[in-house]
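Trainee: A predicted structure for the sequence below; I have some questions about it.
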Amino acid sequence: MRVRPFSNVSIAAATLVALLCGAWLLHRGAQTHAPPQPSAAQARAGGHVDRPAADALPHSPPDRVRIPSIRVDAPLMGLGLSPQGSLDVPPAARKNLAGWYEAGTAPGEKGTAIVAGHVDNAEGPAVFYRLGALKKGSTIEVGRRDGSVALFSVDTVEVYDARDFPDERVYGAAGRPELRVITCGGGYAAGTGYQGNVVVFAHLTGSRRA
Amino acid sequence: MCTARLLTGTALAVASAALCAAPAYGAPTYGAEAGPKAGTGSIELYPSTVAPGAEVTVNTASCEADDAVSGDAGAVGAGGFTLIPSAHEGDAVGHFEVPPSAQPGTYEIVVRCSSGTRMTGDLVVTLTSTQESRPQTQVHPRGSVKTGVGGALGPDPVQTAAGVAALAVAAAGGTWLLHRRARGDGI
């Protein structure tokens, strides 16, 4: 009698499993993976425990941003302005790199500090892909070069159309230490790209040593 | 407004062409007053004004695609570094860290393509980052930020390839079963 290392049943079972896995993977791979967008509830202040604002920290450039609830942990580079006056962005090739507006307020100082990063690049999701899924009351940590970590609490998460961008609300001066975290969002069209920006508004609630 | 991938590619191609047209030698140098992104010749330093201990990103589009690109930040005490081609229209990108002991001043950063082109850019080291050079009334950015090209939206090539591989395994298994049946091994 011939020795048969595999029974027909086991081959048939393996074939079936491979067939189902292959179909599932092809189906998943063909789906689009649009970044999450904030719900209307996240755009309204209130509805959560608003942690009291902390006193401003002295100036120190930031070097890292962490948002544990959406698994962000990225170094920060300095950003300037483009010739058109808009905020520059980090090199798109580095997907886990964010930037801060270094001619402006440093995170923790009194005023409005600005952090920006890519939602995706040509290869796929980037550092702030999940920023639109952030919830009110979440914590944003900004590591600073003086060894302190500034802790911010999210106030609202909003989406603005690029054609009607509220410059003063996003970038304008604030009387307490505040933070904006910006990435692309607001729907995507093949011809024009992302329609606007997701903007996270947060205020300083404290600090700790790194 | 965020630009589509096609538009980004076109803009980069134009930018690359403009960079290549710039003379590699004898280009005027810009100091700190030219702003945080100033560079000379055909390399860009991000940021170009830093405090000791900071990491600097160096970017050039001026080397050939198959060039080996090396950088020298020895002037500021950071030694040599390598620039690696990125997915971006032939840009090569490298990094170095300004030593925490670096003294304030302006330092020349050199980048060489293996095909012979030599480019330089000025790095300004200040003790307290840009705090002292900040104007009393801040200039706020305007408008939206271009932070995405839609690359997350397309099909996932890894999952697609894995799916094709799994279907190939299934096809092999099916063929094997049919082969046994044809030999009369019974099902």
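Mentor: Received the coordinates, thanks.

Trainee: Run through the strands of chain B in chain order.
Mentor: B:43-46, B:49-50, B:55-60, B:69-72, B:80-85, B:92-97, B:105-113, B:118-125 (DSSP state E).

Trainee: First residue to last residue on stretch B:79-95, what's the distance there?
Mentor: Using CA to CA, to the nearest Å, the span of stretch B:79-95 from its first residue to its last is 11 Å.

Trainee: same question, stretch B:85-94
Mentor: Note: stretch B:85-94 ends 9 Å apart using CA to CA.

Trainee: Stretch B:76-92 too?
Mentor: Using CA to CA, the two ends of stretch B:76-92 sit 21 Å apart.

Trainee: go on, stretch B:50-58?
Mentor: 13 Å.

Trainee: average pLDDT for that stretch?
Mentor: Mean pLDDT, computed over stretch B:50-58, is 86.

Trainee: Repeat that for stretch B:168-183.
Mentor: For stretch B:168-183, the per-residue pLDDT averages 89.

Trainee: Packing partners of the longest helix along chain A?
Mentor: What stands out as the longest helix in chain A, according to DSSP state H, is helix A:8-30. With contacts taken as 3 or more CB pairs under 8 Å, 6 or more residues apart in numbering or on different chains; DSSP states H and E, helix A:8-30 sits against helix B:157-183. Backbone N, C-alpha and C define where each C-beta goes, glycine included.

Trainee: Return the list of helices and strands in contact with the helix it packs on.
Mentor: Right, helix B:157-183 is packed against helix A:8-30 by 3+ CB pairs under 8 Å, 6+ apart.

Trainee: For the helix it packs on, buried residues please.
Mentor: A:11-12, A:14-15, A:18-19, A:21-22, A:25-26, A:29 (16 or more other CB atoms under 10 Å in any protein chain shown).

Trainee: next one: stretch A:137-154
Mentor: For stretch A:137-154, using 16+ other CB under 10 Å, the buried residues are A:138-145, A:148-154.

Trainee: show me what contacts A:Phe128?
Mentor: A:72, A:98, A:117-119, A:181, A:183, A:198, B:147 (CB atoms under 8 Å, 6 or more residues apart in numbering or on different chains).

Trainee: now swap in B:Leu123 and tell me
Mentor: B:45, B:48, B:50, B:56, B:73, B:76, B:98, B:106-109.

Trainee: and among the strands of chain B, the most buried is which?
Mentor: strand B:49-50 (a mean of 26; mean count of other CB atoms under 10 Å in any protein chain shown).

Trainee: Who does that strand pair with, and is each partner parallel or antiparallel?
Mentor: Strand B:49-50 sits in its sheet next to strand B:118-125 (parallel), going by DSSP bridges.

Trainee: Output the strand it pairs with as CSV - backbone C-alpha positions only.
Mentor: What follows is strand B:118-125 as a C-alpha-only set of coordinates in CSV (Å, rounded to 0.1, in the frame of the first residue of the first chain):
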residue,chain,number,x,y,z
ARG,B,118,29.1,69.7,-4.0
MET,B,119,26.5,71.8,-2.2
THR,B,120,26.5,73.7,1.0
GLY,B,121,24.0,75.2,3.4
ASP,B,122,24.3,77.4,6.5
LEU,B,123,23.2,76.2,9.8
VAL,B,124,22.7,78.8,12.5
VAL,B,125,23.1,77.6,16.1
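
Trainee: mean confidence score for that strand?
Mentor: On average, strand B:118-125 scores 89.

Trainee: between that strand and strand B:105-113, how big is the angle?
Mentor: 150 degrees (axes from the mean of the first three to the mean of the last three CA atoms, to 10 degrees).

Trainee: Residues contacting the longest helix of chain A, please?
Mentor: Under CB under 8 Å, 6+ apart, the answer for helix A:8-30 is B:155-160, B:162-170, B:173-174, B:176-177, B:180, B:185-187.

Trainee: make it 10 Å
Mentor: A:4, A:6-7, B:154-177, B:180-181, B:185-187 (CB atoms under 10 Å, 6 or more residues apart in numbering or on different chains).

Trainee: which element follows that helix toward the C-terminus?
Mentor: strand A:62-67 (DSSP states H and E).

Trainee: what helices or strands is that following strand leaning on?
Mentor: strand A:72-79, strand A:98-101, strand A:111-117, strand A:139-144, strand A:148-161, strand A:177-189 (3 or more CB pairs under 10 Å, 6 or more residues apart in numbering or on different chains; DSSP states H and E).

Trainee: again, only using 6 Å
Mentor: Strand A:62-67 sits against strand A:72-79, strand A:139-144, with contacts defined as 3 or more CB pairs under 6 Å, 6 or more residues apart in numbering or on different chains; DSSP states H and E.
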